[in-house]
Structure formats: C-alpha cells, structure tokens
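**Q** Output the structure for:
(one chain, ligands or ions: 4)
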Amino acid sequence: MPILGSAGWVGPRSLPVPIVAAVLALSACATNPPQAPAPTVQASAETDPVPGRGDAADDPAIWVNAGNLAESLIIGTDKKRGLNTYRLDGRLRQSLPVGRMNNVDLRDGFEIDGRRVTIVAASDRDRNAIALFALSPEGPDLTDVADGLRATGLAEIYGLCMYADRNRGTLFVFVNDKDGRFQQHELIPSADGKRISTRIVREFRLATQPEGCVADDELGWLYVGEEGFGFYRMAAAPDAATDLVAVDSVGKGSLVADVEGLAIYRANGGGGFLVVSSQGDNAYALYRRAPPNEYVARFRIVDGAAVDGASATDGLEVTSISLPAPYTEGLLVVQDGDNTLPRAPQNFKLVPWSEVRRALQLEP
Ligand code: CA
Ligand code: CA
Ligand code: CA
Ligand code: CA
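**A** Numbering: from 1, shown residues only. Ligands and ions are numbered 1, 2, ... in the order given. Coordinates of the predicted model:
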C-alpha cells in the first residue's frame, strides 16, 4: 500500500482561546507558602460513578468538541476496567471495557485515512502498552486506531501524557514505569495511513516512583511528578538534554505526598497556571505556567449542596477554552477518591475555573 503523504500530525484545530491575562493579585510568597486552611471551591457537577468499588477512577482528559462546544466530553480512566466518556453534565456517554487503563491524555490534529482527528492515548496496564484511540466532531465515539499492540517493554506501565512538538509537526506520548523509567514515543502513521504506529525516541528516569506528567506544547516543557518528593521540569523535545530541574518539593507547605496529577491552564502569551494534585492533604497547588514556575496558591474542593467535594485526587485536567456556562472561563476536572452525597463508587468532579479564580483572587 502506498504511504499517504497527507497522514500525520497537521496541527490543532483553531479554537476560541479566551484572552486571560492571569495576573496574581495575592502577594506571592514562594519562600513561605501558606499552610492549611486553604481557600475552597465547590464542584458544579460530577460524572456518573465508575462501576467498580474501591480505587478505580484515576485520570481524566477533556475533549473540546470544536464542532459543538456543548457536546464536549470528559474522558476518564477506570483503572480496573477501561475508558469512559462523559458529557459536560456528567452523564456517561460511552464505556469501553478495554482493560486496565491508568492515565489518559489527548492531542488534536492528527490526520489518518484522510480524516483530521483527535488522538487519545492511554497507559494499558494489562499489556504494558500504549492504547490509541481517535475521535472527531464527525465521529465522537472513541475508536481504536493503534497499529497492532504498541507494547512498551516496560514491566509496570503507569503514568502517561502527550506532547505536540509544533516545530517538527509531530505528536509524542510519554509513559513511565513504577520503577522510575520514562519513555518518549513518537506517533507515526502506519504504512497504509489508516492507523497509528509508535517508535521510541528518548528515555530517561527518576530515582523513585513517578506517575503524573503534563507537557506544555507552546513553551516546550515537560513536567513530571515523583510521587513521594515533588515535581520537575525538563525540555520536551526528543533531541533535548534530559536535565531535570526541581520545581517544587513536598515538605514546604505547598505539596503533601503523593504528588499526583498535573495539568496546564493556558492563557495567552505563555501565561496561565500549572495545577498539581497535593493528594496527601486533599488540596491543589497552583504555579505560574512559565518557568521558573513560581508557587502561587493552593485550594480545596469542598462539599456543596448537591455535589460532594474531592479528596485524595489522583489525576486531573484543566482547559482554558470557553465552554458553555458555568465553564465560560474554563473547566477543571479532578478524580475524587471518596464519592459521597450519596455514597457511591469513585467518579470525577467538574469545577468551573471561574470559581478557582474567585477563590484565589486571581485577576481575570
Ligand atoms: Ca491527564
Ligand atoms: Ca499514584
Ligand atoms: Ca468526595
Ligand atoms: Ca457524589
């Protein structure tokens, strides 16, 4: 079969990124972060629970449907069973019992079989492989597009995040192993242009167990968490040095182990925030998005009248894209370790970014 020249990553769809000059109104105190209590926010909605009891829901991704923003989806891993998609009101839309998917991430703009799609990647603990799915406004069901089993050779695959290298026009998947190893895989079209293959382009490691990670496509950074210690920044490009710069560590008041999910709230001009799950004290820490990633503030998600708060959060995701109300300033989605009101298996909480901005007195 001929190789289709059009296949590959062609860049993101144009989306309405809000103009947010996210200026901190608090007096920043990176050297002496405030101790608990922290400002609080409430979730506006929660997803349907996962089917299984115990620690099962783990990591969310947010798919902004450029064709119809109201039909955007939350994609959540059920690490005992597979992947689920949920509507913005939390209702389950699609359930894929595809195995023990641990972390999930997505990037827009890959062209396969003549269609421009979003690629969803997940770390598959049943097969120590990278699971790959596609969806698009024309086809909002997740469909498997992996070119066979994309095995990693890792013994215990764990965290995963994606990176779009705008200079090369290439998508990458970072995966890690509980033993500290990381791999960077490039996504490449299969020979017939209809599916997606992978090739490993870089490896590095942390001393102890990592999991959460996130890449900043525009600024070219990868952030990786080391659960018991803190998190680091390094260049995301496949040919860059693997030097790790410590951004923050546990024990200073900003983070309490485990350090779990990381996500990026993008504002224009490189502005915005890194959001990090401080799992050990049921809080979330904010840092400036641009290096040196100064610590900004922290907050908690507490019980509201209809939706309970979030605690012991594993994965989280945030978007600054303006979605239908109450998410006009963006949406934060976090895994909740203890779903109550009423008591039920785990799920994901949806928090309007405007609530976070108000609670932390961040100027719009
Ligand atoms: Ca994620
Ligand atoms: Ca973890
Ligand atoms: Ca809860
Ligand atoms: Ca609940």
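
**Q** immediately after the worst-scoring helix or strand of the chain on mean pLDDT, which helix or strand?
**A** Least confident element among the helices and strands of the chain, by mean pLDDT, DSSP states H and E: strand 23-24 (a mean of 36). Heading C-terminal from strand 23-24, the first helix or strand you meet, by DSSP states H and E, is strand 40-42.

**Q** partners of that following strand, with directions?
**A** Its sheet considered, strand 40-42 pairs with strand 295-302 (parallel) by DSSP bridges.

**Q** How many residues are close by whatever residue of the stretch 151-300 of the chain ends up closest to ligand 3?
**A** In the stretch 151-300 of the chain, the residue that lies nearest ligand 3 is Asn282 (9.2 Å; Cβ to the ion). For the C-beta atoms, the positions are set from N, CA and C on the backbone; glycine is no exception. Per other Cβ atoms under 10 Å, the neighbour tally for Asn282 reads 21.

**Q** now Arg93
**A** 16.

**Q** Okay, the closest residue to the residue of the stretch 151-300 of the chain closest to ligand 3 other than its chain neighbours and Ala43: tell me how far apart.
**A** Using Cβ to Cβ, 6 or more residues apart in numbering and skipping the chain neighbours, the partner closest in space to Asn282 is Ser311 (4.1 Å). Taking Cβ to Cβ, to the nearest Å as the measure, Ser311 falls 12 Å from Ala43.

**Q** May I see the buried residues of stretch 354-364?
**A** For stretch 354-364, the neighbour count (16 or more other Cβ atoms under 10 Å) marks Ser354, Glu355, Val356, Arg357, Ala359, Leu360, Leu362 as buried.

**Q** coming back round to it: so for Ser311 and Ala43, which sits in the more crowded spot?
**A** Set side by side, Ser311 and Ala43 show more neighbours around Ala43, with 25 against 20, by other Cβ under 10 Å.

**Q** how about the strands in the stretch 201-350 of the chain?
**A** Here the stretch 201-350 of the chain has its strands, by DSSP state E, counting those that start in this stretch, at 210-216, 221-226, 230-235, 245-249, 259-266, 272-278, 283-288, 295-302, 316-319, 331-336, 347-352.

**Q** What of the stretch 1-150 of the chain?
**A** Using DSSP E, counting those that start in this stretch, strands in the stretch 1-150 of the chain cover 8-9, 23-24, 40-42, 45-46, 57-63, 73-78, 82-87, 92-96, 101-112, 115-124, 129-136, 139-144.

**Q** Out of these, which gets the lowest mean score?
**A** The weakest mean pLDDT among the strands of the stretch 1-150 of the chain belongs to strand 23-24, with a mean of 36.

**Q** show me what contacts the residue of the stretch 151-300 of the chain closest to ligand 3?
**A** Going by Cβ atoms under 8 Å, 6 or more residues apart in numbering, Asn282 touches Arg300, Ala310, Ser311, Ala312, Thr313.

**Q** Neighbour-wise, give me the winner out of these.
**A** Ala310 (31 neighbours).

**Q** picking that back up, nearest to ligand 1 among the contacts of Asn282?
**A** Of these, the one sitting nearest to ligand 1 (Cβ to the ion) turns out to be Thr313, at 11.8 Å.

**Q** got the contact list for the closest one?
**A** Glu260, Gly261, Ser277, Gln279, Asn282, Tyr284, Val334, Gln335, Asp336, Gly337.

**Q** And those, which of them are buried?
**A** Glu260, Gly261, Ser277, Gln279, Asn282, Tyr284, Val334, Gln335, Asp336, Gly337.

**Q** Those: which ones sit near ligand 4?
**A** Among the buried ones among the contacts of Thr313, not one lies near ligand 4 by Cβ under 5 Å from the ion.

**Q** circling back to that earlier point, same list, the strands of the stretch 1-150 of the chain, but as a markdown table with distance to ligand 3 please.
**A** Listed next are the strands of the stretch 1-150 of the chain as a markdown table, based on distance: least, Cβ to the ion, whole Å:
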| stretch | distance to ligand 3 |
| --- | --- |
| strand 8-9 | 38 |
| strand 23-24 | 28 |
| strand 40-42 | 11 |
| strand 45-46 | 8 |
| strand 57-63 | 11 |
| strand 73-78 | 15 |
| strand 82-87 | 16 |
| strand 92-96 | 18 |
| strand 101-112 | 21 |
| strand 115-124 | 24 |
| strand 129-136 | 28 |
| strand 139-144 | 26 |
